[in-house]
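[1] Kindly return the folded structure for what I paste below:
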Amino acid sequence: MKIFLFIVLIICTIGIEVKEINIVVFRGSISVGTCPTSIEKDYLKCAYQCVKNTSCQFFSFPPTGICFLCKYNTTFSVDKSVLRSYIGVKTFNLTIDPRPYCSVNNHTVLSALEFEASSSSSMVKTTPIPPSKSCPQYFKLIERHSIQWCFGIGHKTNWAAMNQSSASMVCQHLNATITGLETVEELELAKEGITQYLSTSTIPYQGIGAWIDGKRKSATGEFQFEDPYLKQHAGSEWYLGQQGKGDCVRMMVFRNTSDSRNGKLFTVNCTSTSEENVPTSAVICGTPAK
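    Presented below is the predicted three-dimensional model:
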């Protein structure tokens, strides 16, 4: 979904005239080279900085609350399937020039601006987007489809192998809950974190298993989940033929990232601590951001 921020500013030209600058805002994950950062930690102020900066083509405001101001001719692409950042692209209304003719006067204050959302047919008032929330230490702030979420990888001392019940307790000790992989971004974060450990570890194993949320109901055979915020499973992919063999779920991560099992899900016995000579030493934990 895209939102239009409609901003009326007084621009320095011959005399004084009013020009309309549109910021077209997308939600998504942005792929772009390094862009300068601003001291602004607020979404609206980040947008304002881009508007008044004549060299700013677009801004990116991820959940971390860092304002990136990207210059003209910066190449970028947006993945709309991962709702991670706000990306605002500046246009100049009713003219072929996409920029203001000069910087906004320094005394122009943010409160004087009128932010609105619009469609092609009408202008509708909208509530400004709230600032990003924060996460506990060792957790990463990400966007789920309906909530800002803190993602983490839990483990015991020295990454000792553990069963599913112990893994759930590890998350509880972190004031979190065992969770699944709602988005592809969560899958990639899990693989990245465990791969990083494997790259420096001397453990004599080809990979590591990570418990994720899901325990089969004995009566129906369906899975039930501890995480009440887990609504989708876009980051979950079963390894061929592995969905119906056990009552709990673990993900495999290997040193050899080209292994066909890497990042795939397996059902295993809930009391198991190792399968196929691969210890289950990690657990995916999460909690709502505050």
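
[2] buried sites along stretch 245-255?
    For stretch 245-255, burial by neighbour count (16 or more other Cβ atoms under 10 Å) applies to 246, 247, 248, 249, 250, 251, 252, 253, 254. For every residue, glycine as well, the C-beta is placed using N, CA and C.

[3] So for the fourth one, what's the nearest residue that isn't a sequence neighbour?
    What it means is residue 249. The shortest distance from residue 249 to any non-neighbouring residue, by Cβ to Cβ, 6 or more residues apart in numbering, is to residue 214 (4.0 Å).

[4] Quick check: beta-bridge partners of residue 87?
    Assessed by DSSP bridges, residue 87 has beta-bridge partners residue 26, residue 60.

[5] from memory it sits against residue 57, does it?
    No. Because the distance of 11.0 Å does not satisfy Cβ atoms under 8 Å, residue 87 is recorded as not touching residue 57.

[6] contacting residues for residue 144?
    182, 183, 229, 231 (Cβ atoms under 8 Å, 6 or more residues apart in numbering).

[7] and of those, the nearest to residue 41?
    residue 183 (24.7 Å; Cβ to Cβ).

[8] Check the gap between that closest one and residue 34 for me.
    25 Å (Cβ to Cβ, to the nearest Å).

[9] Please say which of those two ends up with more neighbours.
    residue 183 (24 against 8; other Cβ atoms under 10 Å).

[10] Please report the distance of the more buried one from residue 146.
    11 Å.

[11] Can you say which two of the buried residues of stretch 245-255 are spatially most distant?
    Pairwise over those, using Cβ to Cβ, the maximum falls at 247 and 254, 23.7 Å.

[12] isn't residue 67 right up against residue 38?
    Yes. Here residue 67 reaches residue 38: they are 4.1 Å apart, a contact under Cβ under 8 Å.

[13] Overlap of the contact sets of those two?
    Common neighbours of residue 67 and residue 38 (Cβ under 8 Å, 6+ apart) are 46, 49.

[14] So which of the two has more stuff around it?
    The neighbour comparison of residue 67 against residue 38 (other Cβ under 10 Å) goes to residue 67, with 23 against 19.

[15] give me every residue that touches the nearest residue to that one once chain neighbours are set aside.
    Among residues not flanking residue 67 along the chain, residue 46 sits closest, at 3.6 Å (Cβ to Cβ, 6+ apart). Neighbouring residues of residue 46 by Cβ under 8 Å, 6+ apart: 38, 40, 59, 61, 67, 69, 88.

[16] Name the SS class of residue 187, please.
    Classification of residue 187 using DSSP: H, G, I helix; E, B strand; the rest coil returns helix.
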